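Asker: Starting from these lines, generate the structure:
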Amino acid sequence: MAISPITSYATTPITSAYLIPTQNTNQVTAAAPPPPAKTDTVHLSGAALARSLQHQGYSPEGIAARLGTSVRVVDNYLDIAASAAKKA
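Answerer: Sure thing, here's the model as predicted:
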């Protein structure tokens, strides 16, 4: 494909030899990945966590095992009176 000379207001014609592409110095480089989204976390107290587990169907023994505490502590969290105390 022949390119015809392009003339400008100058006296010298501009040919395809002068139309050499130049490097674009304004190129955008690959951006760093965005930081991970911050998530909201809530730290529940032992009593609130015990109540939440109770609502999910866990027994006091299961809650105690899940929390790593004794059943007596879970009973206090859930306001469960010990059966021995009820008889006395």
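Asker: what's the closest non-adjacent residue to Glu61?
Answerer: With C-beta to C-beta, 6 or more residues apart in numbering as the criterion, Glu61 has its nearest non-adjacent residue at 5.8 Å, and that residue is Val71. C-beta: built from backbone N, CA, C; applies to glycine.
Asker: now do Gly46
Answerer: Here the residue nearest Gly46, using C-beta to C-beta, 6+ apart, is Tyr77, at 5.9 Å.
Asker: What about that neighbour, how many residues nearby?
Answerer: 22 (other C-beta atoms under 10 Å).
Asker: mind checking pLDDT for it?
Answerer: Note on Tyr77: pLDDT of 93.
Asker: Run through the residues that contact it.
Answerer: Gly46, Ala47, Ala50, Arg51, Ile63 (C-beta atoms under 8 Å, 6 or more residues apart in numbering).
Asker: ok, longest helix in this protein?
Answerer: Ranked by number of residues, the top helix in the chain under DSSP state H is helix 46-55.
Asker: list the helices and strands that one packs on?
Answerer: helix 60-67, helix 71-77 (3 or more C-beta pairs under 8 Å, 6 or more residues apart in numbering; DSSP states H and E).
Asker: Now the ones you listed in a markdown table, please, with extra columns for distance to Pro36.
Answerer: What follows is the helices and strands packed on helix 46-55, written out as a markdown table (distance: least, C-beta to C-beta, whole Å):
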| stretch | distance to Pro36 |
| --- | --- |
| helix 60-67 | 28 |
| helix 71-77 | 34 |
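Asker: looking at these, which is buried most?
Answerer: Scoring the helices and strands packed on helix 46-55 by mean neighbour count under mean count of other C-beta atoms under 10 Å gives helix 71-77 as the most buried, with a mean of 18.
Asker: what about Val42, how many neighbours?
Answerer: 5.
Asker: Would you agree it falls within a helix?
Answerer: No - counting by DSSP: H, G, I helix; E, B strand; the rest coil, Val42 falls outside a helix, being coil.
Asker: Next, it: phi, psi?
Answerer: phi -120, psi 130 (degrees, to the nearest 10).
Asker: Show the contacting residues for it.
Answerer: Counting by C-beta under 8 Å, 6+ apart, Val42 has no contacts.
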